[in-house]
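Q: just the structure for this:
(one chain, ligands or ions: 1)
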Amino acid sequence: MKRTKYTVANWKMNGLTGSINIVKSISRHIKRSKHIKSRIVICPPFTLLSYFAQNDNTISFGGQNCHFLENGAFTGSISAPMLKSVGCKFVIIGHSERRQYQKETSKEINLKIKAAISANLKVIYCIGEKLNQIKNRNVILKRQINSLPINFNNKNIIIAYEPVWAIGTGKTPTADEINNIHLKIRKLLAIKIGASKSNGISILYGGSVNANNAYEILNLPEVDGALVGGASLKAKEFSKIIDSYK
Ligand code: PEP
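A: Numbering: from 1, shown residues only. So this is what the prediction gives:
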């Protein structure tokens, strides 16, 4: 089955300076290129979102997180309808940095996914094992897939497989490992929502993707794109990643 490919930039808490130029440069690259094989999504910090989403229609934009309620006394939080109201189409949920530093639980993640879907956002749901969980990877992935809502619509969910030990470290699993793990994830999705629906879900790889390894990773049969952190803050490097699909 032909699935949509996505190249997603996760800027994390970066972009204080030069961010407009990065977006403009990537946008120019997309307009010039005759070889764009993926949908390009940038997830900058909240402060930049509304400006970008309202001034560039070449790229899609997304939040890096949302609250699970629509509004209320939650100082510092942003809700899914708020993201939608400034032009976001996507939201990252369950990133390992939020699981680690904000102590996000599976229950909370499940509620956030439901809130994002209700707000008509596509969810980029991050899953993946820590270094000390590699031997238990299957159990971890199964648990994380089970945090998805029951009977979710496959059009609303994109999975990003991000081994935590590969994020920002320059290390990646081998190409064969990535391909096999993605196959395993698709089987887990099939158990949850049925084989035919699960076949429509894009599964991205994330963790130290850069201009040098993108070609090998992005052209694996089970890989439907990438979630890119560090390398997405450099317009030229991110443009090379965008160009790496066959
Ligand atoms: C990420 O944080 O989602 C990520 C993949 O980071 P990096 O590309 O820097 O490893």
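
Q: going forward, measure contacts and count neighbours with C-alpha atoms only.
A: Noted.

Q: what does stretch 95-104 rub up against?
A: By C-alpha atoms under 8 Å, 6 or more residues apart in numbering, the list of residues contacting stretch 95-104 from outside reads Gly94, Thr105, Tyr125, Cys126, Ile127, Gly128, Val164.

Q: show the pLDDT at Phe152.
A: pLDDT, Phe152: 88.

Q: circling back: in the contacts of stretch 95-104, find the pair that's most separated.
A: Spanning the widest gap among those are Thr105 and Val164, at 15.9 Å by C-alpha to C-alpha.

Q: which one's more surrounded, those two?
A: Val164 (23 against 14; other C-alpha atoms under 10 Å).

Q: picking that back up, just the buried members of the contacts of stretch 95-104?
A: For the contacts of stretch 95-104, a burial check counting by 16 or more other C-alpha atoms under 10 Å picks out Gly94, Tyr125, Cys126, Ile127, Gly128, Val164.

Q: would CSV of those with secondary structure and distance to Gln144 be doable?
A: Shown next, in CSV, are those (DSSP: H, G, I helix; E, B strand; the rest coil; distance: C-alpha to C-alpha, whole Å):
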residue, secondary structure, distance to Gln144
Gly94, coil, 9
Tyr125, strand, 9
Cys126, strand, 9
Ile127, strand, 6
Gly128, coil, 8
Val164, helix, 13
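
Q: also within reach of the ligand: list those from these.
A: Among these, no residue sits close to the ligand (C-alpha under 6 Å from any ligand atom).

Q: rewinding a little: got the contacts of stretch 95-104 as JSON lines, with pLDDT columns?
A: Formatted as JSON lines, the contacts of stretch 95-104 follow (pLDDT from 0 to 100):
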{"residue": "Gly94", "pLDDT": "98"}
{"residue": "Thr105", "pLDDT": "97"}
{"residue": "Tyr125", "pLDDT": "98"}
{"residue": "Cys126", "pLDDT": "98"}
{"residue": "Ile127", "pLDDT": "98"}
{"residue": "Gly128", "pLDDT": "98"}
{"residue": "Val164", "pLDDT": "98"}
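
Q: take the residues you listed and write them to JSON lines, including distance to Ile30.
A: Output for these, formatted as JSON lines (distance: C-alpha to C-alpha, whole Å):
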{"residue": "Gly94", "distance to Ile30": "29"}
{"residue": "Thr105", "distance to Ile30": "37"}
{"residue": "Tyr125", "distance to Ile30": "25"}
{"residue": "Cys126", "distance to Ile30": "26"}
{"residue": "Ile127", "distance to Ile30": "29"}
{"residue": "Gly128", "distance to Ile30": "30"}
{"residue": "Val164", "distance to Ile30": "30"}
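
Q: from these, pick the one nearest Asn151.
A: Lowest distance from Asn151 to the contacts of stretch 95-104 (C-alpha to C-alpha) belongs to Tyr125, with 15.6 Å.

Q: Leu183: what's it in contact with?
A: Contacts of Leu183 by C-alpha under 8 Å, 6+ apart are Glu222.

Q: now it. Its backbone dihedrals?
A: Per-residue torsions, Leu183: phi -60, psi -40 (degrees, to the nearest 10).

Q: what parts of this protein come near the ligand?
A: Contact residues (C-alpha under 6 Å from any ligand atom) of the chain with the ligand: Asn10, Ala166, Ile167, Gly168, Gly206, Gly207, Ser208, Val209, Leu227, Val228, Gly229, Gly230.

Q: many thanks, I have nothing further to ask.
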